[in-house]
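>>> sequence-free structure coming up:
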């Protein structure tokens, strides 16, 4: 090697670390909630290996390819994926991250699954889309017991079986709601369904976004003339073994999430079965949406953690201006602030999952909406600041940081953008007083623990005594999310973490516009966030 090419002052790769046990915020929360299992620990070890990281890289470097026809001209509407994508799904389904929690007798299956989803999402985010939808479809499908009986065993299994064919023991599910003329306004959908007279219906129309089109079945919204929007189960393969009409028009060329195939799909006399009452489809499919919103929170929290881990690791081994970057006061303040943001997102995400285990529907209804609004909006800021901690190295694809950055806006858009979530929060506050009271009770559980949080809780209760205006929707959602995070950290996190959160996020103006301002105990917080333990 030429002397000019000697490599010095470059961090070693962050490999062969334990993504679960090395994340103190996650591991402590999982143990407190009774969710730690041998399977979760083994998944954490696997997630940190060089092999798993390579799966994530390859799945994005070699994105899915659409094949509308076979070599003989037959219409097949299939998508080919790189083998790495299938390896990621094999581990995800095998570790119970899809529908398995709905069929187990464990005490905290949803919280354990949430921790696992958080861990494995740090390896690669795109394959989490069919995993999340499969998890979320089960409660919605139970609105039609006969369909649940037929499909739930495959959806709750732990075997991943790729390919479209009848008789599979492992199934994946998706959804198709959005149409080009309506977007989030699904009541403007034009896809129609007519009764075939044999218990099935025939759907005709176009869907603008249908992610993971190689899933085995989908929940689809369609208009029934004279009755309104209705939810239907549409399988790719019919019980007879024949292919259903499910024409893939094209795959979307997306900013990020490259490993996941998002498509436009055309229905023409496509067979489906109603799920829930005819004309009440929005209410039925929202059962699924609420659960996928939980995974939006977990996915964004996982992305934050992955970004923070890389930033702390890099600055630990990179020296500048006479010493390790991590020890420089300005850098330590930035890293500490990022770590606090990450921990707050983590504990809130697992608290939402614990509410599913506990059947806390009132709390979950509102808390999931505010968390989805807030946590998912914080992810791009965290990803961008963490990337900057690596300097020019962070802007290079090999670092992995650009992939995190491109991925970071997605969860804020999927399953309802920020304004949709703010409106959902306002509706819950106006129509479901029990939901508001459950969330306020969670905030009040930390009463007396920190004067700054006490002041926020008092003001929040006063603010919610009257219905907020639509214009205040975002502000209200953010305030509730911050109060929930503050309550959880004051009660359960180490004192320096809770103090830093309250000092930097519970002032009258909320969090600062940039990270690294006014963070106490920076070195202690950075030590806690370090991934190599």
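Alright, I've got the coordinates. All values derive from a computational prediction rather than experimental measurement.

>>> going forward, measure contacts and count neighbours with C-alpha atoms only.
Fine.

>>> If you count neighbours, what's buried in stretch 30-46?
30, 35-36, 40-46 (16 or more other C-alpha atoms under 10 Å).

>>> err, stretch 448-464, not the other one
Buried positions in stretch 448-464, judged by neighbour count with 16+ other C-alpha under 10 Å: 450, 452-454, 456-457, 460-461, 464.

>>> of all the residues you listed, which comes closest to residue 207?
Nearest to residue 207 among the buried residues of stretch 448-464, counting by C-alpha to C-alpha, is residue 464 at 38.2 Å.

>>> Quick check: the gap between that closest one and residue 195.
46 Å (C-alpha to C-alpha, to the nearest Å).

>>> any idea which of the buried residues of stretch 448-464 is closest to residue 487?
Nearest member of the buried residues of stretch 448-464 to residue 487, counting by C-alpha to C-alpha, is residue 453, at 7.3 Å.

>>> quick one: contacts for the closest one?
447, 483, 486-487, 502, 506 (C-alpha atoms under 8 Å, 6 or more residues apart in numbering).

>>> Counting neighbours, which of those residues comes out on top?
Within these, most neighbours by other C-alpha atoms under 10 Å means residue 486, with 30 neighbours.

>>> Please narrow the buried residues of stretch 448-464 to those residing in helices.
Secondary structure from DSSP state H places 452-454, 456-457, 460-461 of these in helices.

>>> how about these, which pair is most distant?
The widest separation within those (C-alpha to C-alpha) is 14.5 Å, between 452 and 461.

>>> quick one: low-confidence parts of the stretch 401-533 of the chain?
For the stretch 401-533 of the chain, the stretches with pLDDT under 70 are 533.

>>> Distance check, residue 267 against residue 67.
Applying C-alpha to C-alpha, the value for residue 267 to residue 67 is 17 Å.

>>> The two: which has the busier surroundings?
residue 267 (19 against 15).

>>> For residue 461, give its distance to residue 467.
11 Å.

>>> just residue 308 next, same as before
Distance, residue 308 to residue 467, by C-alpha to C-alpha: 38 Å.

>>> residues in contact with stretch 355-370?
With C-alpha under 8 Å, 6+ apart, stretch 355-370 has contacts from 107-111, 290, 293-294, 352, 421-422, 424-425, 428-429, 434-436, 438-439, 477-478, 480-481.

>>> and what of stretch 162-171?
So stretch 162-171 is contacted by 86, 151, 153-161, 214-217, 236-241 (C-alpha under 8 Å, 6+ apart).

>>> Just the ones in strands from those, please.
Members of the contacts of stretch 162-171 lying in strands (criterion: DSSP state E): residue 217.

>>> coming back round to it: which one of residue 308 and residue 467 has more residues nearby?
The neighbour count for residue 308 versus residue 467, taken as other C-alpha under 10 Å, is higher for residue 308 (30 against 12).

>>> Which residue, other than its chain neighbours, is closest to that one?
residue 386 (6.0 Å; C-alpha to C-alpha, 6 or more residues apart in numbering).

>>> just checking, what's the longest strand in this protein?
strand 262-274.

>>> Can you name the residues in contact with it?
By C-alpha under 8 Å, 6+ apart, the list of residues contacting strand 262-274 from outside reads 144, 199-213, 230-235, 244-252.

>>> So which of these are in helices?
In helices, judged by DSSP H, none of those are found.

>>> and these, which are buried?
When the contacts of strand 262-274 are checked for burial by 16+ other C-alpha under 10 Å, the buried set is 144, 200-213, 230-235, 244-252.

>>> any weak-confidence spans in the stretch 251-400 of the chain?
Using pLDDT under 70, nothing in the stretch 251-400 of the chain is flagged.

>>> What ranges does it have for its helices?
281-317, 329-358, 361-389 (DSSP state H, counting those that start in this stretch).

>>> what residues are up against residue 141?
With C-alpha under 8 Å, 6+ apart, residue 141 has these contacts: 147-148, 275.

>>> Among those, the buried ones, what's the ChimeraX command?
Listed next is the ChimeraX selection for buried residues among those, using 16+ other C-alpha under 10 Å:
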select :148,275
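
>>> can you redo the contacts of residue 141 as JSON lines with distance to residue 529?
Below are the contacts of residue 141 laid out as JSON lines (distance: C-alpha to C-alpha, whole Å):
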{"residue": "147", "distance to residue 529": "45"}
{"residue": "148", "distance to residue 529": "43"}
{"residue": "275", "distance to residue 529": "45"}
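
>>> Put together TSV for the helices of the stretch 251-400 of the chain, with distance to residue 260 on each row.
As requested, the helices of the stretch 251-400 of the chain are exported to TSV (distance: least, C-alpha to C-alpha, whole Å):
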stretch	distance to residue 260
helix 281-317	14
helix 329-358	23
helix 361-389	19
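
>>> other SSEs contacting the host helix or strand of residue 489?
According to DSSP states H and E, residue 489 maps onto helix 473-492. Judged by 3 or more C-alpha pairs under 8 Å, 6 or more residues apart in numbering; DSSP states H and E, helix 473-492 is in contact with helix 329-358, helix 361-389, helix 418-431, helix 433-444, helix 451-463, helix 495-505.

>>> Retrieve the pLDDT associated with residue 2.
pLDDT for residue 2: 66.

>>> Endpoint to endpoint, stretch 356-364 covers what distance?
7 Å.

>>> Same check on stretch 27-43?
By C-alpha to C-alpha, the extent of stretch 27-43 from end to end equals 13 Å.

>>> Just the residues contacting it, thanks.
So stretch 27-43 is in contact with 20-21, 95, 108-109, 111-112, 115-116, 119-120, 347, 350, 354, going by C-alpha under 8 Å, 6+ apart.

>>> do that again at 7 Å, thanks
For stretch 27-43, contacts defined as C-alpha atoms under 7 Å, 6 or more residues apart in numbering pick out 20-21, 95, 108, 111-112, 116, 347.

>>> quick check: mean pLDDT across that stretch?
For stretch 27-43, the per-residue pLDDT values average out at 98.

>>> The most centrally placed residue in the chain: what's it in contact with?
Taking C-alpha atoms, centre = their mean as the criterion, residue 296 is the residue nearest the geometric centre of the chain, at 2.5 Å. Applying C-alpha under 7 Å, 6+ apart, we find residue 296 in contact with 372, 411.

>>> 10 Å instead?
Taking C-alpha atoms under 10 Å, 6 or more residues apart in numbering, we find residue 296 in contact with 128-129, 132, 290, 302, 349, 368, 371-373, 375-376, 410-415.

>>> and if you look at residue 411?
By C-alpha under 10 Å, 6+ apart, the neighbours of residue 411 are 292-293, 295-300, 372-373, 375-377, 379, 417-418.
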